[in-house]
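# sharing a model prediction with you, sequence too.
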Amino acid sequence: MRSKGKHVINLPRRIILGDGALEELGCCMRESGFENAVVLMSKTPLKLLGDRIRRILAGNGFSFKVMLVGDGDSFSEAKRIEKMLSFKKKREKTAVVSVGGGRVIDAGKILAWRSGLEFVSVPTVPSHDGIASPLASAPKGKRRYSFYTVMPSVIIGDVSILAVAPDRYFASGVGDLVAKYTAVRDWRLSHLLRGEYYGEYAASLAESIAERIMKCADIIAGDKFEGASILIEALIHAGVLIGIAGSSRPCSGSEHLFSHALDLVAGYPALHGEQVGIGTIMMSKLHNCDWMKIRDALSTVRAPVTAKDINVSEKKIIEALTIAHTIRPERYTILGDRGLTRKAAEELAKSTMVI
Ligand SMILES: [Zn+2]
């Protein structure tokens, strides 16, 4: 985070990736100094992995509690679980461990942040870069807000678990990664026009992540095991970049603003990365870049590329495009201060075959 000329970077202590990485959870947490764990899981991961997690933690002498994350949003679930727990004893040696998808990971980050604990991330789907970033998102009214919580101290990416996630989560992960292509262009633009802090190192890494994912689209589409391995590595790198930059700038630009606007006008119609991918196609065109390259990569992994693919009307796509610049007015992007006119939005969506 940046303040008064200082730039503080918080990074994960340990990242373990690969087939069977989950088995390392207990000893890795031990070596990181933890003795107690609060494990958050939603219904399906609890059913599939609950016994295995219990065995791994018990086998390493942990004192732990497994808490079921219900259907509520990440913030209210974190608060509900916080009330049920007492952290008085050995608080400093306790970690919050999330095993699951985006909502469970966010709930764990929020719980760890509110309770002054460290966080361990064990994703079960390769769908977005929140797996490894310090940002969590939670809805407030009709909108969703992203905010800083804690950087995960330990991240376990078990490829054999991630490889059996439904195809849609793979498509979403690719969408959230191609997004870096336009996010860094928006960031550079804001630096040039507004003098915003810009980190060349983080920006070029983010851009190379997007390029690599586009190159690997065929492998991701054809081999889920290899695909999960490529995706999880890239998503973790992207999340860590947010920690390096001290801002979500290298990973989130106008394409994310479009997705948030779509949430607002169409009520969360698809997965985060699916919406962001469609946003990236359109924002690439505004940046005068090769938007077909983005569209081709998304199509290859069977990610949605049109309004119809995500069951959203043309009108709502246009509306989202016209209000996207109002979502985070302090975040300058290619959409400018005044955004797109209705006519320009319609032309953009039509010319990129989104509508
Ligand atoms: Zn994202």
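Cool, the structure landed. Model, not experiment: these values are computed from the prediction.
# with adjacent residues omitted, what lies nearest to residue 149?
residue 113 (3.7 Å; CB to CB, 6 or more residues apart in numbering). C-beta: built from backbone N, CA, C; applies to glycine.
# just say helix, strand or coil for the one you found.
helix (DSSP: H, G, I helix; E, B strand; the rest coil).
# and it, what does it touch?
Residue 113 sits next to 119, 136, 149-150 when contact means CB atoms under 8 Å, 6 or more residues apart in numbering.
# could I get those residues as CSV with neighbour count?
Below are the contacts of residue 113 laid out as CSV (neighbours: other CB atoms under 10 Å):
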residue, neighbour count
119, 25
136, 27
149, 22
150, 20
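# could I get these as JSON lines with secondary structure and distance to residue 343?
As requested, these are exported to JSON lines (DSSP: H, G, I helix; E, B strand; the rest coil; distance: CB to CB, whole Å):
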{"residue": "119", "secondary structure": "strand", "distance to residue 343": "46"}
{"residue": "136", "secondary structure": "strand", "distance to residue 343": "37"}
{"residue": "149", "secondary structure": "coil", "distance to residue 343": "41"}
{"residue": "150", "secondary structure": "coil", "distance to residue 343": "45"}
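# tell me which two in those are the farthest apart.
119 and 136 (9.9 Å; CB to CB).
# between the two, what contacts are shared?
The contact sets of residue 119 and residue 136 overlap at 109, 113, 149 (CB under 8 Å, 6+ apart).
# so how far is residue 32 from the residue nearest to residue 33 when sequence neighbours are not counted?
Leaving aside its chain neighbours, residue 33 sits nearest to residue 93 (6.4 Å; criterion: CB to CB, 6+ apart). Distance, residue 93 to residue 32, using CB to CB, to the nearest Å: 10 Å.
# how about the strand or helix carrying residue 347: buried residues?
Residue 347 is located in helix 342-351, with elements delineated by DSSP states H and E. Residues of helix 342-351 classed as buried: 345-346, 348-349 (neighbour count, 16 or more other CB atoms under 10 Å).
# kindly report the same for stretch 214-225.
Buried residues in stretch 214-225, defined by neighbour count with 16+ other CB under 10 Å: 214, 216-217, 220-221, 224.
# export the longest helix that the chain contains to PDB, keeping only CA atoms.
Ranked by residue count, the top helix of the chain under DSSP state H comes out as helix 224-245. C-alpha atoms of helix 224-245 as PDB (Å, rounded to 0.1, in the frame of the first residue of the first chain):
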ATOM      1  CA  LYS A 224      -7.900 -29.800 -17.900                       C
ATOM      2  CA  PHE A 225      -5.000 -31.000 -15.800                       C
ATOM      3  CA  GLU A 226      -2.400 -29.100 -17.700                       C
ATOM      4  CA  GLY A 227      -4.900 -26.200 -18.100                       C
ATOM      5  CA  ALA A 228      -5.500 -26.000 -14.300                       C
ATOM      6  CA  SER A 229      -1.800 -26.000 -13.700                       C
ATOM      7  CA  ILE A 230      -1.300 -23.000 -16.200                       C
ATOM      8  CA  LEU A 231      -4.300 -21.200 -14.900                       C
ATOM      9  CA  ILE A 232      -3.600 -21.400 -11.200                       C
ATOM     10  CA  GLU A 233       0.000 -20.300 -11.700                       C
ATOM     11  CA  ALA A 234      -1.100 -17.300 -13.700                       C
ATOM     12  CA  LEU A 235      -4.000 -16.400 -11.300                       C
ATOM     13  CA  ILE A 236      -1.600 -16.500  -8.300                       C
ATOM     14  CA  HIS A 237       1.000 -14.400 -10.100                       C
ATOM     15  CA  ALA A 238      -1.800 -11.800 -10.900                       C
ATOM     16  CA  GLY A 239      -3.000 -11.800  -7.300                       C
ATOM     17  CA  VAL A 240       0.600 -11.300  -6.000                       C
ATOM     18  CA  LEU A 241       1.100  -8.400  -8.500                       C
ATOM     19  CA  ILE A 242      -1.800  -6.600  -6.700                       C
ATOM     20  CA  GLY A 243       0.300  -6.900  -3.500                       C
ATOM     21  CA  ILE A 244       3.400  -5.600  -5.400                       C
ATOM     22  CA  ALA A 245       1.700  -2.600  -6.900                       C
END
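# in CSV: the contacts of residue 113, plus pLDDT and distance to residue 340.
Listed next are the contacts of residue 113 as CSV, based on pLDDT from 0 to 100; distance: CB to CB, whole Å:
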residue, pLDDT, distance to residue 340
119, 97, 38
136, 93, 29
149, 94, 33
150, 93, 36
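# lovely, talk soon.
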